[in-house]
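**Q** sequence plus the predicted model coming up.
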Amino acid sequence: MIISRTPFRVSFVGGGTDLRAFCSKEPGRVLSTGIDKYVYVAVKRQSAIVEFKYRVSWSRIEFRKKIDDIEHPIVREAFRMLDIDFPIEVSTFADVPANTGLGSSSAFAVGLLHALYALKGKMVTKSQLASQAAHLEIDVLNRKVLAGSSELHLTSLEQALLYLLAANAGTVLTREQILDALWGTDFMIGSNVVDRHVRALRAKLQDDWHQPRYIETVPGAGYRFMAAVEPPTD
């Protein structure tokens with residue numbers, strides 16, 4: 001078993017200047033520092049005699065036979081990047097909750113790649129790890145969202161929320177289900193974080209909640225992505 005430990009960070013200035021939409025046009029600069037709080041990633045080769053090749057433990061436990069079926073986006077794409085084609089178990093835990101603004105997803109990406117390389121008997125430099133983790137998060141996972149011919153610049157959470165709703169088009173997802181899928185179990189059920197992100201996403205989609213074309217509010221239940229988009233009525 002390999003266990004990596006990666007520090008979280010506190011960012012002071014420059015947040016967002018490392019996004020492709022900005023740094024492809026202007027120089028990006030970020031000032032941040034590591035702190036003494038960590039994310040831990042444990043990876044372990046499994047016996048070849050297992051029903052599911054991939055076991056991923058995060059806010060939930062996934063048992064998958066194919067990489068494409070893995071729901072955790074960073075794990076899925078890291079496996080593809082490093083050609084992980086053997087039975088493996090991945091689990092993670094941290095000193096602080098997710099979504100605290102301490103670069104938890106970036107730290108996890110670095111820690112996962114570091115552990116996977118070690119499991120394969122390969123050593124890479126810190127610069128290589130940072131470069132590959134950035135490529136994974138910014139280039140591989142930063143999928144484009146188009147409204148007509150215009151590209152929408154969504155945050156990673158807004159993208160994840162949109163894809164979650166669209167993947168379950170026509171089905172009502174409760175706030176609790178969305179919290180669990182995107183933030184894990186670290187948020188109180190009464191948190192309004194889901195409502196705030198839905199409002200932000202609607203604003204970028206120019207989706208009027210009174211006459212929604214994409215995201216419908218189901219009172220007392222949650223949110224539903226409309227399976228068939230119809231033009232608004234007068």
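**A** Cool, the structure landed.

**Q** now the helices for this structure?
**A** 20-23, 73-81, 104-119, 126-134, 156-167, 175-182, 193-205 (DSSP state H).

**Q** for those, which one ends up most surrounded?
**A** Across the helices of the chain, averaging neighbours per residue (mean count of other CB atoms under 10 Å) puts helix 104-119 on top, at a mean of 22. For glycine as for every other residue, the C-beta is placed from the backbone atoms N, C-alpha and C.

**Q** who does that helix touch, helix- and strand-wise?
**A** With contacts defined as 3 or more CB pairs under 8 Å, 6 or more residues apart in numbering; DSSP states H and E, helix 104-119 has these neighbours: strand 2-13, strand 31-45, helix 73-81, strand 88-94, helix 126-134.

**Q** and for the first one, what are the contacting residues?
**A** Applying CB atoms under 8 Å, 6 or more residues apart in numbering, the external contacts of strand 2-13 come out as 29-44, 94-96, 100-104, 106-108, 110-112, 114-115, 118-119.

**Q** apply 7 Å and report the result again.
**A** Under the contact criterion CB atoms under 7 Å, 6 or more residues apart in numbering, strand 2-13 has outside partners 30-35, 37-43, 96, 102-104, 107, 110-111, 114-115, 118-119.

**Q** got a list of what the residue nearest the centre of the chain touches?
**A** Central residue check for the chain by CA atoms, centre = their mean: the C-alpha nearest the mean position is that of residue 73, 5.7 Å away. For residue 73, the contacting residues are residue 141, taking CB under 7 Å, 6+ apart as the criterion.
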